[in-house]
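> Below is the sequence, then the predicted model.
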Amino acid sequence: MRKGAGSEATKSKLKRGPRQADQGRAAACTNKNLNANYNAMRTQALPPLVRLEATSELSVQEQLHDALKTHNVKLIDLFREWDDDGNGALDKKELRQAVAALGFEAPRKEIDALFDSIDDDSSGWIEYEELKDALREKNAKRATKEHAKKTALAGKAAAAEEGDVAGKGEEDFEAGMRQNAMERDAADADQDGKLDFGEFCQFVRDREEGEFTEEDLKKRFDALDEDGSGKVDMSEYLLWSLREALSRSAQRVIDVLHAWDEDRSGSVDAKEFTKAIRALGFDVDKEDAEAVFAALDADGSGQLEYKELNTMLRKGVGSDATKSKLKRGQSMQADRGRMAKVTNKNINTNYMANRAQALPPMVRLEAQGETSVQEQLHDALKDHSVKLIDLFREWDDDGNGALDKKELRKAVVALGYDAPRKEVDALFDSIDDDNSGWIEYRSSRRHSRRKM
């Protein structure tokens, strides 16, 4: 390294020099070092008349490509002007300063997204070769197409929001879906994945307030049993549940679409839909998920778009569900806000300990016994004729249809389970089959049915 070509390179003086202004105490008194606005001035490798327009139909990449070509400016000269600290790479701050000096007025989030689109290796730095590749004519035009697509999607979203009406806001959409999944599973006595008329009647009486004649229940059952099979299968129930949960929530269809649209394409495909439904607590197989997807996909395009999703989820069985009053109420947790009603539930600071009494007070979980917690709970539920869904709801403090570790710890402590936190967390992990960080009703039911 100390001999051969290049070893005497320090004899030549480089044009690139130190690129940044030196404003230290020993700095030379030059215009560059004394000028506090040097960063803005140094971006003038391009003529002052060149501006980047945030509202242009062209992407930033194509605007820069055209400007360099039109004014015969070398990219490396522009890159060095932007490289404030002269380290051979641009960070986000340097890119923001550079495009701002060229008149690009856009939110910081948008400029950072531009940075990420050029930073191919996600290193947090844009190197010269990455910028060169991004500004190649082919890639710059591709960026413009993507820019146009995003602009169109944003326009559609804005238009959608104008006519997208939220529901009554009784509960969160996701929480409502999880509650619906839990109630269906609890009502499915024979666990065949379907609800017959008897199971449906029990389902309605368990979840809704009021008196119901058999004639009224039969009408509702027949409306839900669209194929006339005599049973409400998973796809029929799932379609009803989507409409019902949406009508009760404050979310709009556009909010649901955005949550499901993982690739931000503006539409939802069958894979994204199935994944979203499973995340909402439904243990649904691919066939049932695709059946619901097909029912919602009115134009048969293989993509759920806002217009058809809004139409399909605003009509049919379940869309008028807010007429019925649910026993589970608006919220499972105590409300201690300034406007809360003066009820025992809301004013009692020990409510968490008391609410775990779905089981009689004499039921205790023994940490030192030979029997596992799961088996102790299984036996207690059976001995005292307590429904698992009632116990689960007592434990579900925030009413979102799933238990987190904190809720499980509070619940078992209220039942006298005296064990280290680490041991209780291990119990949680043993029940959380999908390692999601949540115990859903179906998981707790599965574990309560088998003695461990």
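That came through fine.
> Low-confidence stretches in this protein?
Along the chain, the parts satisfying pLDDT under 70 run over 1-43, 152-169, 316-323, 328-357, 448-452.
> domain assignment for it?
Following automatic domain parsing, the chain resolves into domains at 15-160, 173-323, 344-448.
> Same list, the ones you listed, but as a markdown table with mean neighbour count please.
For glycine as for every other residue, the C-beta is placed from the backbone atoms N, C-alpha and C. Formatted as a markdown table, the domains of the chain follow (neighbours: other CB atoms under 10 Å):
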| stretch | mean neighbour count |
| --- | --- |
| domain 15-160 | 15 |
| domain 173-323 | 18 |
| domain 344-448 | 16 |
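> Surely residue 265 is in a strand?
No - Residue 265 is assigned coil when assessed by DSSP: H, G, I helix; E, B strand; the rest coil, not a strand.
> Run through the helices of the stretch 301-450 of the chain in chain order.
For the stretch 301-450 of the chain, applying DSSP state H, counting those that start in this stretch gives helices covering 306-313, 344-347, 351-355, 373-383, 388-395, 405-414, 421-431, 441-448.
> With distance to residue 201 added, can I get these in JSON lines?
Shown next, in JSON lines, are the helices of the stretch 301-450 of the chain (distance: least, CB to CB, whole Å):
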{"stretch": "helix 306-313", "distance to residue 201": "26"}
{"stretch": "helix 344-347", "distance to residue 201": "29"}
{"stretch": "helix 351-355", "distance to residue 201": "28"}
{"stretch": "helix 373-383", "distance to residue 201": "23"}
{"stretch": "helix 388-395", "distance to residue 201": "16"}
{"stretch": "helix 405-414", "distance to residue 201": "30"}
{"stretch": "helix 421-431", "distance to residue 201": "31"}
{"stretch": "helix 441-448", "distance to residue 201": "20"}
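> Nearest to residue 286, out of those helices?
Residue 286 lies closest to helix 441-448 among these, at 17.3 Å (CB to CB).
> residues in contact with the closest one?
Applying CB atoms under 8 Å, 6 or more residues apart in numbering, the contact partners of helix 441-448 are 178, 181-182, 185-186, 281, 283, 374, 377-378, 381, 388-389, 392, 401-403, 430-434.
> before we move on, what about stretch 270-282?
174, 177-178, 180-182, 234, 238, 241, 259-263, 268, 284, 286, 289-290, 292-293, 302, 304, 401-402, 440-442.
> Swap in 6 Å and give it another go.
Applying CB atoms under 6 Å, 6 or more residues apart in numbering, the external contacts of stretch 270-282 come out as 177, 178, 181, 260, 262, 284, 289, 290, 293, 401, 440.
> any idea how far the third one lies from residue 117?
What that stands for is residue 181. Going from residue 181 to residue 117 by CB to CB, to the nearest Å gives 39 Å.
> Check the second one too.
In this structure, residue 178 and residue 117 are 36 Å apart, going by CB to CB.
> How about the fifth one?
When distance is defined by CB to CB, residue 262 is 18 Å away from residue 117.
> Over to the last one?
Residue 440 sits 37 Å away from residue 117, going by CB to CB.
> gap between the residue lying closest to residue 183 once chain neighbours are set aside and residue 282?
The shortest distance from residue 183 to any non-neighbouring residue, by CB to CB, 6 or more residues apart in numbering, is to residue 207 (5.3 Å). Distance of residue 207 to residue 282, computed by CB to CB: 16 Å.
> One more: residue 427?
25 Å.
> ok, now residue 232?
In terms of CB to CB, residue 232 sits 14 Å off from residue 282.
> And residue 89, by the same measure?
47 Å.
> Then residue 201?
Separation of residue 201 from residue 282 (CB to CB): 22 Å.
> Dihedrals phi and psi, residue 87?
Torsion angles at residue 87 (phi, psi; degrees, to the nearest 10) stand at phi -90, psi 0.
> check contacts around it.
So residue 87 contacts nothing (CB under 6 Å, 6+ apart).
> Could you look up the SS state of the residue nearest the centre of the chain?
The residue lying closest to the centre of the chain (CA atoms, centre = their mean) is residue 259, at 5.4 Å. What three-state DSSP gives for residue 259 is helix.
> Cheers, nothing more for now.
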